[in-house]
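Visitor: sharing a sequence plus its predicted fold:
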Amino acid sequence: MENSRHTSSSNISVVNEDPANVQLIPSRTPTTWRSRASLFRMGNDPFLITCRCFSIVTSLAAILCIAVNVISAVLSFKNGSDIFDGILRCYAAALAIFIVVAETEWSFVIKFWKVLEYWVGRGMLQIFVAIMTRAFLDYSEEKEYMVLLQNIACYMLLACGLVYVASGILCMGFLKRARQKQEISREQAAMDLEDLERRRQELEALLD
C-alpha cells in the first residue's frame, strides 16, 4: 500500500488520511492545467482584432497626412508663395501626429484628453485634419503628384473619421472597452493558473 501511494503520488491525492478509510481522487496533471491556461489565452475576440486592424489603417492614413502636409509646408516656405498655407500645413501635421498617438490609446494621452476616448470625438478630429489636408491645393502641373497624394491622404482619413463617428453613435466604443476589460481578466486568469501549476509542482517536489 505504501508503495502504491508513492508511485501514483503524481496522479492521485489523498482525501482522508485515516488508514482504515483512505479515499483517493485523481489530481490535475500538468497537462490539464496548461491546456486550461492555453484555452484562456487562445480566446481572442474577433471584434477586438477588427478594431486593432482598423486602428492600424487609421494610423497609416494619418502618417500619410503627416508626410503630405510636411512636404507642402516645406515647399510653401521655400518658395515663399504662401506663408499662411505653410502655417496651416504645420498645424495639420501636428494634429495628424496627435491622431497617431491617440490610436495607440496611450493612457497618458487619454487621461488628459478624455474626448479622444470616445469614438465620435476621435472621428471629428480625423475629419477636421482631412479637411485641412485637402484645403489650398495647388493644381499646377509641376505639383500634380502632390495633389494626388493629398487627395489619397485626405479621403482615407476622411473615411476613417466617418466610420469612427458612425460607430461611436452606435456605441461601438463602449462595447470595445467592455471587451477589453474581459480580455484583461482572461489573461490574468491564465497567469493565475500558470502560477498555481508552478506552486503545485514545487509542493509535489517537496513531498517526494
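Guide: Sure thing, it's come through.
Visitor: in this protein, which residue is most central in space?
Guide: Computing the C-alpha centroid of the chain and ranking residues by CA atoms, centre = their mean puts residue 52 first, at 5.1 Å.
Visitor: helix or strand for that one, which one?
Guide: Assigned by DSSP states H and E, residue 52 belongs to helix 46-79.
Visitor: tell me the mean pLDDT over the following helix or strand past that helix?
Guide: Using DSSP H and E, the helix or strand that follows helix 46-79 towards the C-terminus is helix 83-103. The average of the pLDDT scores along helix 83-103 is 88.
Visitor: so how far is the helix ranked longest in the chain off the chain centroid?
Guide: Using DSSP state H to define each element, the chain has its longest helix at helix 172-207. Its chain's C-alpha centre and that of helix 172-207 lie 19 Å apart, by CA atoms, centre = their mean, to the nearest Å.
Visitor: and it, which residues are buried?
Guide: Residues of helix 172-207 classed as buried by neighbour count (16 or more other CB atoms under 10 Å): 172-173, 176, 186, 190, 193-194, 197. All C-beta atoms are positioned from the backbone trio N, CA, C, and that covers glycine.
Visitor: before we move on, the earlier item: any idea how far residue 119 is from the residue nearest to the centre of the chain?
Guide: For residue 52, the distance to residue 119 equals 14 Å [CB to CB, to the nearest Å].
Visitor: check residue 185 too.
Guide: On the measure of CB to CB, residue 185 and residue 119 end up 23 Å apart.
Visitor: residue 44 too?
Guide: Taken as CB to CB, the span from residue 44 to residue 119 is 21 Å.
Visitor: hang on, the earlier thing: so which bits of the helix holding residue 52 are buried?
Guide: Result for helix 46-79 [16+ other CB under 10 Å]: buried residues 51, 55, 58-62, 64-66, 68-69, 71-73, 75-77.
Visitor: excluding chain neighbours, what is closest to residue 158?
Guide: Excluding its sequence neighbours, the residue lying closest to residue 158 (CB to CB, 6 or more residues apart in numbering) is residue 130, at 3.9 Å.
Visitor: neighbours of the one you found, how many?
Guide: If you count neighbours by other CB atoms under 10 Å, residue 130 ends up with 26.
Visitor: packing partners of the host helix or strand of it?
Guide: Take DSSP H and E as the rule and residue 130 turns out to sit in helix 119-134. With contacts taken as 3 or more CB pairs under 8 Å, 6 or more residues apart in numbering; DSSP states H and E, helix 119-134 sits against helix 46-79, helix 83-103, helix 144-169, helix 172-207.
Visitor: closest to residue 156 among the buried residues of helix 172-207?
Guide: Distance to residue 156 across the buried residues of helix 172-207 (CB to CB) is lowest for residue 172, with 19.9 Å.
Visitor: and the pLDDT for the closest one?
Guide: Residue 172 is given a pLDDT of 85.
Visitor: flag the shaky bits of the chain, pLDDT-wise.
Guide: For the chain, applying pLDDT under 70 flags the ranges 1-43, 80-81, 136-143.
Visitor: about what we covered before: name the helices or strands packed onto the longest helix of the chain?
Guide: helix 30-42, helix 46-79, helix 119-134.
Visitor: cool, thanks, signing off.
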